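Engineer: Sequence and computational prediction follow.
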Amino acid sequence: MKTKFIIPFLAITLLFSNATYSNTASEPDPDKDRVIVYVLKNILSRYHYVQKELNDDFSEHVYNTFIDGLDPNKRYFTQEDLKEFSQFKYQIDNQLKDTKIDFYKLVYNRFLAKLGTAKDNYRALLAQSFNYKKNEVIDVDYDKIPFAKNESELVDYWRKQLKLSILSRVEDAEDLQNGKAKKDTTFKKKTFSELEKEARKDVLKNMNELYQRIDELENSDWYSTFLNSVVSGFDPHTTYMSPRIKSRFDQEMSGKLEGIGARLQKKGIYTHIVELISGGPAWKQGDLEPEDIILKVAQGDAEPLDIVGMRLDDAIKFIKGKKGTEVRLTVKKKIDGSIKTIPIIRDVVELDETFVKSSIVEKDGEKYGVIDLPRFYIDFNDLSRRDAAKDMEKEIERLKSENVKGLIVDLRDNGGGSLKTAIEIGGLFIEKGPIVQVKYRDEAPLVKNDTDAKIQWNGPLVVMVNEFSASASEIFAAAMQDYKRGVIIGGKQTYGKGTVQNVLPINRFYEKYPSDLGALKMTIQKFYRINGGSTQIEGVYSDISLPTRYSYMKFGERDLDGALPWDKVEQAKYSTTNTYSNFADAIYKSQQRVLNDEKFKKINEYAKWLKKNQEERIYSLKYSTYKKESENKTKEAEQFKDLYKFDSNLTFNSPKYELNLFTKDTVLKEKRVVWHKNLKKDIYLNEALNVLSELKMNKNYTIVKQ
């Protein structure tokens, strides 16, 4: 009956690569904390895809994950602390069953005390110079090094970490002034002692700013870390989202927000304008500019609220608001330091970087379209608004009107999104049939079909992927591969996330609680290709594998602790297309080109070099040795300095409909100019275009029965 239970609460069905969400603030509330634990343990135990027993192994996972979440770099806790914490190592499961959080309270309160000690430590250490002639090293593989034995050794950990930061800054400063001296013989270099003093001052400033941000965090921030150490015991993609993070998540999914349309950043005690979003209310109003400082915020003609010193998340809460409402910002202008009150009417702001965009390129006398899809976005609160599937259909129609011969769909770095839009986009390229299979715990798989016989694009298709293409991206790429509808080109394999999450508001399970309890993003399904294989762990293997800088790096689903295993189900009933007359030949030609291309050979060497350096985690803290080791790496890197210098000699242009927008939106025009320059220099896109131009359609392609 689990399917029937979950469906009414199916607020958002999602497919995402592994993502970490920052924590959020709330007032300490012991009752609320216990209520959340109570609801989470019941939802997870009953409805998560994995039926997991809360036992000693689970307890140990929570114990290790929470401590690591608070202290990943071994800066706060000692083995003496861990000895005290260990009384709960195999008791957390029992505490959760009894809705107790004694372990959390002990570790959290100790952590708060340690934060105060840490400030004293780094300030005292940075007050004087270190011994840079001492022959010693630091191991920065924090996953493997032990916690400090005691407070004395902990201070030495701090000393080494700070010393490494200073060495890096001094080296950069020396290189910078050496470069200036070569250009200007009268340039006077600073001594090592002078540079070291400046470096300590800079490190102190950065540390103070870091701990200022940490001091702004509250109990609920750290409690979110604890809750995520609990829910991650089921799988890496199950996460707790506090109310504010849920709001941010919805914004990212829909690609829109209601507010003034400005990106903000906290610098010291002030909230700065970083960027105005093109087409947003602040951009249209015209008075607000980047680097202006917001001092006060008023809701219409109400009394203004001073936000100086306020944490950024709280300041944003007052600046954002419903469409049509007025906010009045008291701003210190960057240009002249004057104080000005700027009224802005809030509106729906669309985040351009979220949405589909396209370009047209001419190659060998033929036009081709390139569609960039950053994510599979949708607004679940208003399904009538734009989403990835609607926009893709519209963008393809526009490209067809300009007579493009072939189409590239670029899914590189696309971490996923909505299952619904993934299925609908798959349907744009086939007549009709299954796109993906999904399976609940202990149930038979369900086949999700495209039921619309219309084919929006029936021409040549190439799909670009890389190691960060995940979830919904893998569904689409796998479907196109299984149907033999398009050529998949990119890294050896995609990310490998074959699970589906639901976002469930916790208050729906505890309606009597008066305030927002946040939400649980929970894995409820696994999805499978129509050929029966899972993309979990394995991902989608490219038809044409291109070397990338990440070729030998360890990341992806297969490298996550607790990732669900690969398996398979029965193949769905589908028929492949006989779209191309030279499908295998086009792939073979590309493979041979890549194999013999000097640039791609060099990229492969670079990937191996990066892997080697990734594994080297020990650094000398004797400056002469540190400098020599760094110079050796710099010399090694010289062979790769021109690695990505490439020019396809092709010209990319916006489709005609966008050209009309540029007269009103110069920011959009500038963004497209930058994008097109990057496309011109993209060696991977260039090879994708080579393949696309070589694909030959069957005059009347048929469906091949399986």
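Structural biologist: Perfect, thanks for sending it. Note that the coordinates shown come from a computational prediction; the quantities given were computed from them, not determined experimentally.
Engineer: Does residue 643 touch residue 602 like I think?
Structural biologist: Yes. The criterion here is CB atoms under 8 Å, and residue 643 meets it with residue 602 at 5.8 Å. For glycine as for every other residue, the C-beta is placed from the backbone atoms N, C-alpha and C.
Engineer: what about residue 395, distance to residue 417?
Structural biologist: In this view, residue 395 and residue 417 are 16 Å apart by CB to CB, to the nearest Å.
Engineer: That should have said residue 224, apologies.
Structural biologist: Taking CB to CB, one finds residue 224 at 23 Å from residue 417.
Engineer: where's the longest helix anywhere in the chain relative to the chain centroid, distance-wise?
Structural biologist: The longest helix of the chain (DSSP state H) is helix 151-183. How far helix 151-183 lies from its chain's middle: 30 Å, per CA atoms, centre = their mean, to the nearest Å.
Engineer: for that helix, which positions count as buried?
Structural biologist: 154-155, 157-167, 169-171, 173 (16 or more other CB atoms under 10 Å).
Engineer: just checking, what packs against that helix?
Structural biologist: Using 3 or more CB pairs under 8 Å, 6 or more residues apart in numbering; DSSP states H and E, the elements in contact with helix 151-183 are helix 102-125, strand 137-139, helix 192-216, helix 623-638.
Engineer: what comes up buried for the last one?
Structural biologist: Taking 16+ other CB under 10 Å as the basis for neighbour counts, the residues of helix 623-638 that come out buried are 623, 626, 627, 630.
Engineer: end-to-end on stretch 264-276?
Structural biologist: Taking CA to CA, to the nearest Å, stretch 264-276 runs 9 Å from one end to the other.
Engineer: Go ahead and list the helix or strand containing residue 240.
Structural biologist: Here residue 240 sits within strand 239-241, counting by DSSP states H and E.
Engineer: Which one of the buried residues of helix 623-638 is nearest to residue 651?
Structural biologist: Of all those, residue 651 sits closest to residue 630, with 41.1 Å by CB to CB.
Engineer: and the closest residue to residue 403 other than its chain neighbours, which of the three is it?
Structural biologist: Nearest residue to residue 403 in three dimensions, chain neighbours excluded: residue 367, at 5.9 Å (CB to CB, 6 or more residues apart in numbering). Secondary structure, DSSP: H, G, I helix; E, B strand; the rest coil: residue 367 is strand.
Engineer: Please give the element, helix or strand, for residue 294.
Structural biologist: Using DSSP H and E, residue 294 falls in strand 293-299.
Engineer: Give the buried residues for that strand.
Structural biologist: Using 16+ other CB under 10 Å as the test for burial, strand 293-299 gives 293, 294, 295, 296, 297, 298.
Engineer: How confident was the prediction at the residue lying closest to the first one once chain neighbours are set aside?
Structural biologist: Of all residues not flanking residue 293 in the chain, residue 332 sits nearest, at 4.3 Å (CB to CB, 6+ apart). The model reports residue 332 with a pLDDT of 88.
Engineer: and residue 332, bridged to which residues?
Structural biologist: Taking DSSP bridges as the rule, residue 332 bridges to residue 293, residue 339.
Engineer: any weak-confidence spans in the protein?
Structural biologist: The model of the chain has pLDDT under 70 over residues 1-30, 700-706.
Engineer: on contacts alone, who are the packing partners of the longest strand along the chain?
Structural biologist: For the chain, the longest strand by residue count, based on DSSP state E, is strand 519-528. Here strand 519-528 touches helix 30-47, strand 239-241, helix 243-254, strand 433-440, strand 499-505, going by 3+ CB pairs under 8 Å, 6+ apart.
Engineer: What strands flank the very next helix or strand once past the third one, and is each parallel or antiparallel?
Structural biologist: The C-terminal neighbour of helix 243-254 among helices and strands, as given by DSSP H and E, is strand 256-259. Each strand that pairs with strand 256-259, with its direction, by DSSP bridges: strand 347-350 (antiparallel).
Engineer: following the partner strand, which helix or strand shows up next?
Structural biologist: Taking DSSP H and E, what comes next after strand 347-350 is strand 357-363.
Engineer: which strands and helices sit next to that next one?
Structural biologist: strand 366-372, helix 388-401, strand 652-653, helix 666-680, helix 683-694.
Engineer: can I get the CA coordinates of that strand in CSV?
Structural biologist: What follows is strand 357-363, C-alpha atoms only, in CSV (Å, rounded to 0.1, in the frame of the first residue of the first chain):
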residue,chain,number,x,y,z
LYS,A,357,18.8,28.5,-24.9
SER,A,358,19.9,27.8,-28.4
SER,A,359,22.4,28.9,-31.1
ILE,A,360,22.7,28.4,-34.8
VAL,A,361,26.0,27.5,-36.5
GLU,A,362,26.8,27.0,-40.2
LYS,A,363,29.2,24.2,-41.1
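Engineer: who's in contact with that strand?
Structural biologist: 367-372, 395, 398-399, 402, 404, 650-655, 672, 675-676, 679, 689, 693 (CB atoms under 8 Å, 6 or more residues apart in numbering).
Engineer: what do you get for stretch 381-393?
Structural biologist: Stretch 381-393 is contacted from outside by 250, 254-256, 355-356, 371, 373, 375-379, 417-418, 420-421, 424-425, 428, 456, using CB under 8 Å, 6+ apart.
Engineer: Same check on stretch 649-656?
Structural biologist: Contacts for stretch 649-656 (CB under 8 Å, 6+ apart): 358-363, 370, 398-399, 402, 662, 672, 675-676, 679-680, 686, 689.
Engineer: if you set the cut-off to 7 Å instead, what comes out?
Structural biologist: 358-363, 398-399, 402, 672, 676, 679-680 (CB atoms under 7 Å, 6 or more residues apart in numbering).
Engineer: Can you tell me which of these has the most neighbours?
Structural biologist: residue 358 (25 neighbours; other CB atoms under 10 Å).
Engineer: any idea how far that residue lies from residue 521?
Structural biologist: To residue 521, residue 358 is 31 Å away according to CB to CB.
Engineer: and if you look at residue 571?
Structural biologist: 30 Å.
Engineer: Look at these two and report which has more neighbours.
Structural biologist: Ranked by neighbour count (other CB under 10 Å), residue 571 and residue 521 place residue 521 first, with 22 against 16.
Engineer: hang on, isn't that one packed against residue 505?
Structural biologist: No. With contacts counted by CB atoms under 7 Å, residue 521 stays clear of residue 505, the gap being 11.0 Å.
Engineer: how far away is residue 55 from residue 96?
Structural biologist: Residue 55 is 11 Å from residue 96, by CB to CB.
Engineer: Between these two, tell me which one has more neighbours.
Structural biologist: Neighbours were counted for residue 55 and for residue 96 using other CB under 10 Å; residue 96 has more, 22 against 11.
Engineer: Quick one: list the elements packing against the helix or strand where that one lies.
Structural biologist: Under the criterion DSSP H and E, the helix or strand holding residue 96 is helix 92-97. Packing partners of helix 92-97 (3 or more CB pairs under 7 Å, 6 or more residues apart in numbering; DSSP states H and E): helix 56-70, helix 102-125.
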